[in-house]
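what follows is a predicted structure for the sequence shown.
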Amino acid sequence: MNELREEVRARYAAAAVAVTEGGSGCCGPQADGGGGCCGPQAVEVDENFGATLYAADDRDVLPVEAVAASLGCGNPTAVAELREGERVLDLGSGGGIDVLLSARRVGPTGKAYGLDMTDEMLALALANTAKAGATNVEFLKGTIEAIPLPAATIDVVISNCVINLSVDKPAVFAETFRVLAPGGRVGVSDIVADDGLTAEQRAERGSYVGCIAGALSFTEYRDGLAAAGFTDIEITPTHQVADGMHSAIVRAVKP
């Protein structure tokens, strides 16, 4: 389990470094013969992941580094239907794209927290927050299996293609339930497998760090949330990312 977690951490650390250092070089000569420099290069992922899953209006209001670092499989800030004054927690916040979008939606009376275990991503997220001028934002270092927040202090938990990477998903569901206030809700994007696929078949379709091998099935996801105490569970696939593997919108409520 620790080896898998370290593999995930290393992958996302490398992604953060790639974004941070991507804007420091030149991107080839311009047409007029001058030196052509450009902003950070987006982390290379296929069309099922990344910033292209966000509306242009969302991408355009954020620092380019936050957009370039997006590795998710959806847009959880839209899924969660955030409201003014709410307290939001993003599990596995990466470069901060979903935290910064959440902060804009909840406004100055609300707050957006980001939780990540990777120093390089946290540094990138803090830099992006400063560039965005966001003041209702706080980033925390830790794992999503042991959230460093008191119980019943969050209104909405979001996450973008991160829960599938956890090595202890029951702990993630239990911790999510713990930090949510009564009536709080979950609105996440994640990868979910068809019920007929075995763990071996999921692994054949992609790696653990590639968000495929560690994905739960629809039934496993629903049962895991229910076991933690959630109700009103909805899992809606949005697009296929591999044979029998789907990006999905997951919603649930803490009674």
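Received it, and whenever you're ready, just let me know what you need.

tell me how many other residues crowd the closest residue in space to residue 141 that isn't next to it in sequence.
Excluding its sequence neighbours, the residue lying closest to residue 141 (CB to CB, 6 or more residues apart in numbering) is residue 122, at 5.9 Å. Any C-beta I mention is one placed from the backbone N, CA and C, and that applies to glycine too. Other residues lying near residue 122 total 21 when counted by other CB atoms under 10 Å.

ok, now which ones touch residue 81?
Residues in contact with residue 81 (CB atoms under 8 Å, 6 or more residues apart in numbering) are residue 187.

beta-bridge partners for the residue nearest to the spatial centre of the chain, please?
Closest residue to the average C-alpha location of the chain: residue 160 at 2.8 Å, with CA atoms, centre = their mean. Beta-bridge partners of residue 160, counted by DSSP bridges, are residue 189.

tell me where the chain has strands.
For the chain, the strands defined by DSSP state E occupy 26-29, 35-37, 87-91, 111-116, 137-141, 154-160, 180-193, 216-217, 231-242, 245-253.

who wins for proximity to residue 148 among those?
Closest to residue 148 of those is strand 137-141 (CB to CB; 5.3 Å).

so which other helices or strands are in contact with the closest one?
Strand 137-141 sits against helix 97-106, strand 111-116, helix 119-132, with contacts defined as 3 or more CB pairs under 8 Å, 6 or more residues apart in numbering; DSSP states H and E.

buried residues, it. List them.
Residues of strand 137-141 classed as buried: 137, 139 (neighbour count, 16 or more other CB atoms under 10 Å).

in its sheet, what does it sit against?
Strand pairing for strand 137-141, using DSSP bridges, gives strand 111-116 (parallel).

contacts for the strand it pairs with?
12, 87-94, 96, 98-100, 102-103, 106, 122, 125, 134, 136-142, 144, 147-149, 154.

likewise stretch 153-161?
Residues outside stretch 153-161 that contact it (CB under 8 Å, 6+ apart): 49, 70-77, 79-80, 82, 86-92, 94, 98, 102, 113, 144, 176, 179-181, 184-191, 211, 247.

report whether the expected contact of residue 230 with residue 250 is present.
No: applying CB atoms under 8 Å as the test, residue 230 and residue 250 come out as separate, 9.9 Å apart.

what sits in contact with each of these two?
residue 186.

picking that back up, buried subset of the contacts of stretch 153-161?
Among those, those scoring as buried are 49, 70-77, 79-80, 82, 86-92, 94, 98, 102, 113, 144, 176, 179-180, 184-191, 211, 247 (criterion: 16+ other CB under 10 Å).

that older thread, surely the residue nearest to residue 141 touches residue 129?
No: Residue 122 is not in contact with residue 129 according to CB under 8 Å; the separation is 10.4 Å.
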